[in-house]
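Enquirer: no letters, just coordinates:
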């Protein structure tokens, strides 16, 4: 089923804990610092404001890297400060990968180079 351009990407979370963290401005600020927390909120807002993953990947401020992790495809969205927001497409199993067909993603984790 094709989505209309007005239907934004649906963003879910890998875990309830991650959902609660990302839903709380103060918790996100406390865990990651204000600057990085702001970048996380910006990227999540951008993801929820575009119709497909391809649209997110084409935004000028967004740098993404496609990865394969244990048989799962993920997209690492750069956040700056050596951090990435890792998204997993939910509704796409086809080969080759077509981000323009992805309308649902899960936030798998937030990675930092410092652990």
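Expert: Right, received. Where do you want to start? The model shown is predicted, which means the values in this text are computed figures rather than measured ones. Numbering: from 1, shown residues only.
Enquirer: residue nearest the centroid of the protein?
Expert: Among the residues of the chain, the one closest to the centroid is residue 87, at 4.0 Å (Cα atoms, centre = their mean).
Enquirer: element containing that one, please.
Expert: strand 83-89 (DSSP states H and E).
Enquirer: that strand pairs with which strands?
Expert: Strand 83-89 has its sheet partners listed here by DSSP bridges as strand 72-80 (antiparallel), strand 104-112 (antiparallel).
Enquirer: enumerate the positions of the first one that are buried.
Expert: Right, strand 72-80. Within strand 72-80, the residues that qualify as buried are 73-79, counting by 16 or more other Cβ atoms under 10 Å. Bear in mind the C-beta positions are built from the backbone N, C-alpha and C, glycine included.
Enquirer: run through who's touching it.
Expert: 35-36, 39-40, 43, 47, 53, 56-57, 62-68, 84-89, 92, 97, 99, 105, 108, 110-111 (Cβ atoms under 8 Å, 6 or more residues apart in numbering).
Enquirer: filter these down to the buried ones, PyMOL style.
Expert: The PyMOL command for the buried members of the contacts of strand 72-80 (criterion: 16+ other Cβ under 10 Å) is given here:
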select buried, resi 36+39+40+43+47+53+56+57+62+64+84+85+86+87+88+89+92+99+105+108+110
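Enquirer: and residue 91, helix, strand or coil?
Expert: Three-state assignment for residue 91 (DSSP: H, G, I helix; E, B strand; the rest coil): coil.
Enquirer: OK, contacts around residue 27?
Expert: Residue 27 touches 20-21, counting by Cβ under 8 Å, 6+ apart.
Enquirer: so for it, what's the pLDDT?
Expert: Model confidence at residue 27, given as pLDDT, is 97.
Enquirer: now residue 113
Expert: For residue 113, the pLDDT comes out at 78.
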